[in-house]
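Undergrad: Attaching a predicted model along with its sequence, questions to come.
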Amino acid sequence: MPNGPRVLILQDHSIGVEAVLQDSLRRFDLSPELVVAAREAEFREALSTDVPQAILLVVQQFDLSFGEVLEAAQKTGSDIPIIAILPNGGESDGMDLLRRGACNYFLESELMCIPPSLYLAIRARNRSADVNQTVTRPASFDLAPNQLARSAEALIGNLIDLVTEVDIKGTILYESPAIMPQLGYSEEELIGRNAFAMIHPLDVPRVMPIFMVALATPGVPHAARFRFKHKNGSWRTLESVGKAVETKEGARHVIVTSRDITNESRKPVTIGNTEARFMDVVEGLGEGVVVSDAHDKILYANKQMEEFLGYDATEMLGKNFYELLLPRGAWSAYQTQKERWLMGHRGEYELSVYRKGGVSLWMHVNFSPYRDRDGRIIGTLAAFTDITKRKEAEEEVQRTLERLQIERDRAEEMNRLKTSFLSNVSHEIRTPLNSILGFSSLLTEMLEGTEFADYATTIRTSGRRLFETIEGILDLSRVESNTVVMTPRPISLNVEAQRAISMLEPQAKENKVDVRLEAPQEVSATLDPHYLGRILLNIIGNAIKFSPNGLVRVLIGNPNSEGFSEIRVLDTGVGISEEFLPRLFEEFYQESSGLARKFEGTGLGLRIAKRLVELMGGSIVVESEKGKGSSFTISLPVNANGPS
């Protein structure tokens, strides 16, 4: 006589389900009452005669669809768990049945896994019945609810295989009574403990990814082989198959069926599904990978993520993703963005992520939706790359730039103060100097023909030299402080060049220099005549100074197609060394310096000339060879207004 729960099997021909159930319990007195219905009429009669405690539906081998069987079962007023059995390869159909209300599903190649799942389904139903006393119980079944539960536990407790139920963190929620004869523990000794703490440390890195894969792919079986610690301290080799299931509350548990194969010789168990192979690849990535469900509970974290954060995977499983990794200030932004990921969008961010112990790391994180085998979005996948060193380098560069900005501002301020000082001092010197020049000119005329005439001439010459120095300092202060105001007007380059040559005629005669102006035709331009004159006086004056007993030629070229005209000043003087050319236009620099220098001057003329040319929108180029003279080419826009 059957002394176990009543199980209704719906199939039009046998695929071996009855034999599997009976064979698993053949050496025990306890066995379920198996009722087989091959047609719809037999099914409905079985429901009306005595409500079964579970239904096994062999899909594609029965007249009614799953939906029709579920509807008929619900009409009995009892919550009858339905386990579907599908042809091999029907995983996607199985997931659909789970969503529609199936308790579980198995492929035809997984029949040996049905007994523990059947037991758990019946146990859950009976516990629910204990709470809800309105559930109708069949009169023909005379066991009280607690007796029924004990009877069912006796059923699974006498199975050859161990049956373990663990939560997302690996905490053992249920252990079958078979644990005592096989591994020496009582059920109470294991419930509440972490299963990974009982697995051999060398096997945990291999088993953990498989466990995580199972969590991330509910309904898909995953196999593993590992060593489990016996109560006497020895290690026993277990071969296990686990499958994740979702509870009515939305939590995920993993049901693991294990068999002690320590004394058996078997081929290694491999993971036989695409997701597991994919996760094996993920384990070898240089990126940290975290999979979390729609409620932000961590389902999976790879080895690289463990190294990044300092947590073991067991410490991360089941934890809230953003509470564990992100600073509180980023929580609301994470939850807002999560809505986009769950709608199928991707996102890339740079985040400060907490490491174990409170130390933060900078991470580049790529968030994307995580999908099940049917393509349904069930959570998020985050890929982490450590960019801490890069961020530190960027911050150091930023700090350096800020320091340089401060130094630049300080240098500009010092330059402004220097320019202001030079301008003020120059004006203070210029006022009495004008008097000296005026009276020296008067004395020269009054003392002409006397022995004091040479003294007066020396005073006037020295005064003019000092005046030119002051003019150079004033021009430099204006240029460096950007206070030069151009007033362009139509002029003739020929006329302005001749005017500069005429002003320098006394200097040319003193140095015995022949100065020639060469221009094929009149060239007009719109430029500031005052500052153009300063440029020409500096360049031509320099050529005269450094070409004693020589020749200076001033050539004016016609405007080119781009609207620029060139003024070239060529001399036959001492030339400039190749080493000094790069510093030619720097203020206060002269090729000969000190007390032994042969030529007088402040070294400001060329610097001022170059800056004025640039302010007019032009350029100046020099070519020279030591001992053979120099060539200065000034290129100016003939129609430019210049900056104001």
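TA: That came in fine, so what should we check first?
Undergrad: Need the pLDDT of Ser332.
TA: pLDDT, Ser332: 83.
Undergrad: lowest confidence element among the helices and strands of this structure?
TA: Lowest on mean pLDDT, DSSP states H and E among the helices and strands of the chain sits helix 145-157, with a mean of 40.
Undergrad: What strands flank the helix or strand just after that helix, and is each parallel or antiparallel?
TA: Using DSSP states H and E, the helix or strand that follows helix 145-157 in sequence is strand 162-166. The pairing partners recorded for strand 162-166 under DSSP bridges are strand 172-175 (antiparallel), strand 252-260 (antiparallel).
Undergrad: Quickly compare the ones you listed and say which is most buried.
TA: Highest mean neighbour count of these: strand 252-260, a mean of 21 (counted as mean count of other C-beta atoms under 10 Å). Backbone N, C-alpha and C define where each C-beta goes, glycine included.
Undergrad: those strands in the stretch 451-600 of the chain, which residues are they?
TA: 489-492, 514-518, 524-527, 551-556, 564-571 (DSSP state E, counting those that start in this stretch).
Undergrad: cool, and the stretch 151-300 of the chain?
TA: With DSSP E, counting those that start in this stretch as the criterion, the stretch 151-300 of the chain has strands at 162-166, 172-175, 222-229, 235-246, 252-260, 288-293, 298-301.
Undergrad: thinking again about what came up before, can you add distance to Thr457 and mean pLDDT and give the strands paired with strand 162-166 back as JSON lines?
TA: Converted to JSON lines, those look like this (distance: least, C-beta to C-beta, whole Å; pLDDT from 0 to 100):
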{"stretch": "strand 172-175", "distance to Thr457": "115", "mean pLDDT": "88"}
{"stretch": "strand 252-260", "distance to Thr457": "109", "mean pLDDT": "85"}
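Undergrad: Kindly reformat these as CSV containing distance to Leu351.
TA: Compiled in CSV, these are given as follows (distance: least, C-beta to C-beta, whole Å):
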stretch, distance to Leu351
strand 172-175, 34
strand 252-260, 26
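Undergrad: closest one to Pro81 among those?
TA: Closest approach to Pro81 among these (C-beta to C-beta): strand 252-260, 13.5 Å.
Undergrad: any residues touching the closest one, and which ones?
TA: Under the contact criterion C-beta atoms under 8 Å, 6 or more residues apart in numbering, strand 252-260 has outside partners 113, 116-117, 120, 160-168, 173, 182-183, 211, 214-215, 218, 228, 236-247, 293, 299.
Undergrad: remind me, longest helix of the protein?
TA: Longest helix in the chain by number of residues, with DSSP state H as the criterion: helix 388-446.
Undergrad: and that helix, how far out from the chain's middle?
TA: Distance of helix 388-446 from its chain centroid, counting by C-alpha atoms, centre = their mean, to the nearest Å, is 45 Å.
Undergrad: now stretch 308-324
TA: Centroid separation for stretch 308-324 versus its chain: 21 Å, with C-alpha atoms, centre = their mean.
Undergrad: tell me which residues of that stretch are tucked away?
TA: Within stretch 308-324, the residues that count as buried by 16 or more other C-beta atoms under 10 Å are 308-309, 311, 313-319, 321-322, 324.
Undergrad: Now Val638. Nearest residue, chain neighbours left out?
TA: Of all residues not flanking Val638 in the chain, Ala525 sits nearest, at 4.0 Å (C-beta to C-beta, 6 or more residues apart in numbering).
Undergrad: Buried residues in stretch 495-505, which are they?
TA: If you call a residue buried by 16+ other C-beta under 10 Å, then stretch 495-505 has these buried ones: 496-497, 499-501, 504.
Undergrad: wait, what's in contact with the nearest residue to Glu287 once chain neighbours are set aside?
TA: Among residues not flanking Glu287 along the chain, Ala383 sits closest, at 4.8 Å (C-beta to C-beta, 6+ apart). Listed by C-beta under 8 Å, 6+ apart, the contact set of Ala383 reads 287-289, 365-366, 368.
Undergrad: Determine which two of those are furthest apart.
TA: Gly288 and Ser368 (14.3 Å).
Undergrad: and the two? which has more neighbours close in?
TA: Gly288 (23 against 16; other C-beta atoms under 10 Å).
Undergrad: shouldn't that one be in contact with Leu381?
TA: No. With contacts counted by C-beta atoms under 8 Å, Gly288 stays clear of Leu381, the gap being 11.4 Å.
Undergrad: would you list the buried residues of stretch 495-505 in JSON lines and tack on pLDDT and distance to Gln53?
TA: Output for those, formatted as JSON lines (pLDDT from 0 to 100; distance: C-beta to C-beta, whole Å):
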{"residue": "Glu496", "pLDDT": "93", "distance to Gln53": "114"}
{"residue": "Ala497", "pLDDT": "93", "distance to Gln53": "116"}
{"residue": "Arg499", "pLDDT": "92", "distance to Gln53": "119"}
{"residue": "Ala500", "pLDDT": "91", "distance to Gln53": "117"}
{"residue": "Ile501", "pLDDT": "92", "distance to Gln53": "121"}
{"residue": "Leu504", "pLDDT": "89", "distance to Gln53": "120"}
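Undergrad: Which one of the contacts of Ala383 is nearest to Ile387?
TA: Using C-beta to C-beta, Val365 comes nearest to Ile387 of the contacts of Ala383, at 9.8 Å.
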